[in-house]
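>>> The sequence isn't on hand, but the structure is:
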Ligand SMILES: Cc1ncc(COP(=O)(O)O)c(C=O)c1O
């Protein structure tokens, strides 16, 4: 769809190129490849815009966004980052002391955790004044993210380029929903992070479930999560699948998956959205990522049995209880012994209590002292 709309010469004639990987080196390699592939367009005056999503949908994996922004700025490129999955609580890129490491434009969907209820479809773009709005016909001198002074013209700003054409302002009801949601955001996100760690740890113990979450033990994205997200907490979005792998033979196929999926309601909502107060699940291969080819799905780490879990604010043990009961009906008859792979009830209680206490201890210890509040 993106290629179709942005790339078609009858529409915007924008060349859309993708890059995979979490690290700055992955980005720089992709940038070199893309710059070479589009040399003629670039020489004719076209520009590269770097659009990042971190943490990413569907696995919640984190990119080294500050380093990527710095590398892009060194080449004079504009960076745009969608931080929706982290919410402003978990990822605070605009607070980086070095402007080169901040994205030029930061995007959040209000539809997701910020409102929390799913009742409002809206979003926000945050940028520096001179990139957002300059009165018609005027220009403004400012220091760019690369540290060089330059002049920005009115018709380069987001207002005239995008807002004016597309409509930028929320009506009063939607603005009310967003403001109301923002008041409880931090506490909701904290609870969801606890639940994500609990679910990732406990599901990882099942030998036939592969957990793709940077809060799962030994996950390859864990270091970036620890370094870049608030208190090292994971974004409340991850996937599981039942494919063959180091952890098991892959007995659960499409048929059992469909039966299981239908039994996940009502504990899990079967919705395409994410970042709601309640836990929501979907099968990316059938919905959100259905436009990708089989190869692109594989590259994105999405299998036919992948389930994306957008973790909600419930007691995570109610979710696990429901999942285990669903598996008893949907999987156990075809795959005897599957239920034995789940942790014991006492283990589940112990992990929940330990993670809950640990995250809240880290949170309260990170809060400013009363002296600092008075100062
Ligand atoms: C990372 C990310 N950003 C933005 C959006 C779109 O948000 P909205 O529903 O507000 O258009 C989504 C939708 O799933 C998303 O996953």
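Perfect, thanks for sending it. Values in this document were obtained by computation on a predicted structure and should not be read as measured data.

>>> Test my guess that residue 96 contacts residue 66.
Yes. Between residue 96 and residue 66 there is a contact at 5.7 Å, judged by CB atoms under 8 Å. For glycine as for every other residue, the C-beta is placed from the backbone atoms N, C-alpha and C.

>>> And these two? Which one has more around it.
Higher neighbour count among residue 96 and residue 66: residue 66, with 19 against 15, using other CB atoms under 10 Å.

>>> Just the element for that one, please.
Element membership for residue 66, per DSSP states H and E: helix 65-74.

>>> The next helix or strand along the chain from that helix versus helix 65-74: what angle between them?
Following helix 65-74 in sequence order, the next helix or strand is strand 78-82 (DSSP H and E). Here the directions of strand 78-82 and helix 65-74 differ by 160 degrees (axes from the mean of the first three to the mean of the last three CA atoms, to 10 degrees).

>>> Can you tell me which helices and strands the following helix or strand past strand 78-82 packs against?
Downstream of strand 78-82, the first helix or strand assigned by DSSP H and E is helix 87-90. Helices and strands touching helix 87-90, by 3 or more CB pairs under 8 Å, 6 or more residues apart in numbering; DSSP states H and E, are helix 172-204.

>>> any residue of the helix it packs on up close to the ligand?
No. Contact between helix 172-204 and the ligand is absent, the nearest approach being 11.1 Å (criterion: CB under 6 Å from any ligand atom).

>>> Tell me who's in contact with the residue located most distally from the centre of the chain.
Distance from the C-alpha centroid of the chain, by CA atoms, centre = their mean, peaks at residue 137 (37.8 Å). Neighbour list for residue 137: residue 154 [criterion: CB atoms under 8 Å, 6 or more residues apart in numbering].

>>> Distance-wise, check it relative to the ligand.
Residue 137 is 32 Å from the ligand, where distance means CB to the nearest ligand atom, to the nearest Å.

>>> Next: residue 342.
Counting by CB to the nearest ligand atom, the gap from residue 342 to the ligand is 29 Å.

>>> What is the burial count for that residue?
19.

>>> so who does it touch?
Counting by CB under 8 Å, 6+ apart, residue 342 touches 202, 205, 206, 320, 324, 327.

>>> again with residue 133
Taking CB under 8 Å, 6+ apart, one finds 157, 158, 159, 160 in contact with residue 133.

>>> which one of these sits closest to residue 373?
residue 158 (35.7 Å; CB to CB).

>>> close enough to count as contact, that closest one and residue 105?
Yes. With contact defined as CB under 8 Å, residue 158 and residue 105 form a contacting pair (7.0 Å).

>>> Done for today, thanks.
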